[in-house]
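**Student:** sequence plus the predicted model coming up.
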Amino acid sequence: MVTCFLCNQTFDSIKILFNHFNFFHPEQKFDSYFCAENNCSRSFSLKNSFRKHLLKHTYESQPCTAPQLNDTYSFIDAITNTNVITEVGYTHSNSEFNGNCKDNLTIDPVELLNHSISCFLASLYANPIIPRNAVQVVVDGLEKVIVEGFSAYIENYIKKMLSEKKISSECFTVVDNITSVIKNALGNFKTEHKRFNFFAEKGTYIEPKEVVIGQRLNKIIKNGVSILEPINCSQQFIPLSKVLKQFFSLENILGETLENMTNLMSNKSVLGNFIQGTFWQSRIKKFEGKTVLPLFLFFDDFESGNVLGSHSGIHKLGAVYVSLPCIPLHRSSMLSNIFLTLLFHSSDRVEFGNNVIFKPVIDELNFLQNVGIEIDTSVFKGTLYFDLGLILGDNLGLHSIIGFVESFSSNFPCRICNIRKENLRVQCYEDESLLRTIDQYYIHLNENNVSTTGIKEKCVWLDVNNFSLYDQVGVDVMHDVLEGCAKYIMGFIIYYYINELKLFSLQVFNERLFGFDFGPERNKPCALTMEHVSQGNVRQSASEMLILVRYFGLIIGDFIPAEEPVWALYILLRKVIDIMLSSLVEEQSTFLLKTLVEELNELYLKYSKKSLKPKFHFLLHYPSLIKKFGPVGNFWSMRFEAKHRISKIAARSSFNRRNICLTLAIKHQLQLNDIFGKGKLCSNVVVGPCKSLCPMKSHAIKNELNLDLDKSLFCVSWATIEGIRYKIKHILTQDILEDNNYKFVSVNNIFLYDSNRIIFECNSLLMVGFNEHVYSYEVIFPETNNNCFIFQDSLVSPIPNNLNVTPDGTKFVTVRSPL
């Protein structure tokens, strides 16, 4: 008997155990295997090494005997019995293969074979790099191997055994039947049509629907004559109700979501989610007695081909995505949990208008609000309703789909207030008397004068039940700050210090940038050129700009005199970004943000001698919008635009442009098919290579933390918890001290306890204080050893920080997620 170290199920053989790993724990990467036999604590990084080790345990517990002929017959009887799998004693949890191990439930071997093949093909289809026609090549190759190789060998061998009378005719018939099953294993998967039908019957593949939106004239050649022929223009729509029904049927997802909503609603001290904002608090009162979840709808255009190529613009597509802000934060940030619901050619939206393009989405939103979806899970049985929370996008995208002017140099470029462009360029304070109202909106709409109102057409989303135009359109901190104000401010500051004060050269700055240790940061800023610096333009992506601003003080701060006035502009920008990207915002922080933004605009006007761009003005509205919608970092464009990457990769891997929208929509649905087929999302805990601890240290750790001595404890080189990677020497935030300083610890070792909890062995750092000039915390390492053990889930902030050492040896910790 062998035991699974993940669920403690016991099995008759090692082969059955490995089959169990494949089908019941598919989310595990198995970087390491742990022995659960007789309190053995060894771990192995190689599967074959683990197999050999288990053989020692089985040899110790069972005498090794040569197989007898009767044993062969009993084995054949077992594998042909439809109530068991291919070996005696192996059982499955349920017919959907969701991975919950229960006793006394059996499964048809043919069904298991179909499941294993479908999972394999679903994973191939889900890979955006692999075009769909390549899957057919794989299937054809597999069939050839099975029929001409494996099955042919068995048939020839068993016929030889029968002719030599080494087996009976009954045994030959049984094996021949098994061979026939194996030979026809790909019968349901020979063609793409059959494969898609198989997935659709399981309910995991939700086929995109083609929606005809109009016609256009297309030039064709007939009999050597060029003629114009009308053809249909269409878009691809994915029924959101079906997607959400399958998503919330996944294991634990609805339970996690409802528990998360309960926790958020009970926390009145800080804002951490959209459902805690004033808008949703008032909105939910309209759904008394119903379970309602908010939806975020995001729109953006993207180029599916080469942006600089000769065909750029021809295959520019518009995409509408939907996300769920109320699911746990680590779930909502996953690209797989952002759902494509509409895909169309951008030129078609210009040609046929927003009303035609977005009608299927509007009808679906009204259906979800009025009818909802039926859910039957262990934690909830009944109707689940959904209501549109926010429409999101960049400024241009939002203005284009809600009917506002798409030029930000127009007379009234703001969708939130009625400020004129002349006043916008110098305004440093929000004027609440200019805020737009819905009554005023209809008056402006009737005027039909875009130059005096900033309104181009009626907002199509007003057809969504109970939609409020000025309460349900979001902002985007990514474009407004990281690709907007931060770019202008950092461009001015760097130019000012290099060219005017000449405190350092561009070469020195780039060398500092190149040699700086950014620690756990992935998107390191790239070097600047004099051409861009001279124009006051810092060419960085949004994520690179965030890192540059975060560490700019440490990179170059030692060149800046303590009382240098322009440096205050950088400090203000740093404070504004910290509050805007904070995952938890207190009410007083919104008042502080209001003051900081006003001072930021004033100082930029004063020192740069330039007028304010529209994005500076948009920042004035952020404090009130945070109260209404919660932290703005929770609904920025970063994750949605990352979702474009899947379509771009799939478009590059496919040479077909006849119906690119259909091609990409199918690829998105095949990725969901892979997730829905597994029955659950990926595990929250993933660890690197493991090694066993000596019994003395293992017992010492368990005794200090009052842990169960019988449960496993392994040392790991790294761990990923809910998408956050932890490594040795990372700096963690353990606590907040009374003086509002942080208590930092340095990770020395990482331990995996009971396969699902992470323990850090750390050294506590001594806090010197906060250095505002470089905007980091100065710390020192204690001379004496002060080790402590900390559970990952007890940290006040899960985000690891970065430790940097300046040329004079001073150590600074930069907080990556301020509290």
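**Tutor:** Received it, and whenever you're ready, just let me know what you need. Predicted, not measured: the structure shown is a model, and the values here were computed from it.
**Student:** contacts, neighbours, all on C-alpha from now
**Tutor:** OK.
**Student:** show me the helices in the stretch 351-500 of the chain, by range?
**Tutor:** 354-370, 395-402, 421-424, 438-447, 450-453, 477, 486-495 (DSSP state H, counting those that start in this stretch).
**Student:** for Arg645, find the nearest of those helices.
**Tutor:** Arg645 lies closest, by CA to CA, to one member of the helices of the stretch 351-500 of the chain: helix 395-402, at 18.0 Å.
**Student:** elements contacting that closest one?
**Tutor:** Packing partners of helix 395-402 (3 or more CA pairs under 8 Å, 6 or more residues apart in numbering; DSSP states H and E): strand 291-303.
**Student:** could you pull out the buried residues of the strand it packs on?
**Tutor:** 292-303 (16 or more other CA atoms under 10 Å).
**Student:** pLDDT score for the residue nearest the centre of the chain?
**Tutor:** For the chain, the residue nearest the mean C-alpha position is Met334 (1.4 Å; CA atoms, centre = their mean). Per-residue confidence (pLDDT) for Met334: 92.
**Student:** contacts only, for the residue lying closest to Phe770 once chain neighbours are set aside.
**Tutor:** Leaving aside its chain neighbours, Phe770 sits nearest to Tyr777 (4.4 Å; criterion: CA to CA, 6 or more residues apart in numbering). Neighbour list for Tyr777: 767-771, 812-814 [criterion: CA atoms under 8 Å, 6 or more residues apart in numbering].
**Student:** quick check: buried residues in the longest helix along the chain?
**Tutor:** Once the chain is assigned using DSSP state H, the helix that runs over the most residues is helix 587-608. For helix 587-608, the buried set under the neighbour-count rule, 16+ other CA under 10 Å, comprises 589-590, 593-605.
**Student:** and what of stretch 358-365?
**Tutor:** Result for stretch 358-365 [16+ other CA under 10 Å]: buried residues 358-362, 364-365.
**Student:** between these, which is nearest Leu501?
**Tutor:** Closest approach between the buried residues of stretch 358-365 and Leu501, by CA to CA: Phe358, at 53.5 Å.
**Student:** quick one: the closest one and Ile401, what's the gap?
**Tutor:** 9 Å (CA to CA, to the nearest Å).
**Student:** can you say which of the helices of the stretch 351-500 of the chain is packed in most?
**Tutor:** Mean neighbour count, computed with mean count of other CA atoms under 10 Å, is highest for helix 477 among the helices of the stretch 351-500 of the chain, reaching a mean of 27.
**Student:** need the contact partners of that helix.
**Tutor:** Contact with helix 477 is made by 580, 632-633, 636-637, as judged by CA under 8 Å, 6+ apart.
**Student:** where does the chain have its least confident helix or strand?
**Tutor:** Least confident helix or strand, the chain: helix 69-80 with a mean of 39, by mean pLDDT, DSSP states H and E.
**Student:** and the residue nearest to Phe770, which of the three is it?
**Tutor:** Here Tyr777 takes the strand state, with states given by DSSP: H, G, I helix; E, B strand; the rest coil.
**Student:** what is it paired to in the beta sheet?
**Tutor:** Beta-bridge partners recorded for Tyr777 (DSSP bridges): Phe770, Val813.
**Student:** now do it, the pLDDT please.
**Tutor:** 96.
**Student:** now it: how far from Asp808?
**Tutor:** The gap separating Tyr777 from Asp808 is 16 Å, by CA to CA.
**Student:** what's the answer for Tyr205, then?
**Tutor:** On the measure of CA to CA, Tyr205 and Asp808 end up 60 Å apart.
**Student:** got it, and Gln281?
**Tutor:** 52 Å.
**Student:** neighbour count for the two, which is higher?
**Tutor:** More crowded of Gln281 and Asp808, by other CA atoms under 10 Å: Gln281, with 15 against 6.
**Student:** the more buried one contacts Asn273, doesn't it?
**Tutor:** No: with contacts counted by CA atoms under 8 Å, Gln281 stays clear of Asn273, the gap being 11.5 Å.
**Student:** Lys183 and Val147 touch, don't they?
**Tutor:** Yes: Lys183 is within contact range of Val147, at 5.4 Å (criterion: CA under 8 Å).
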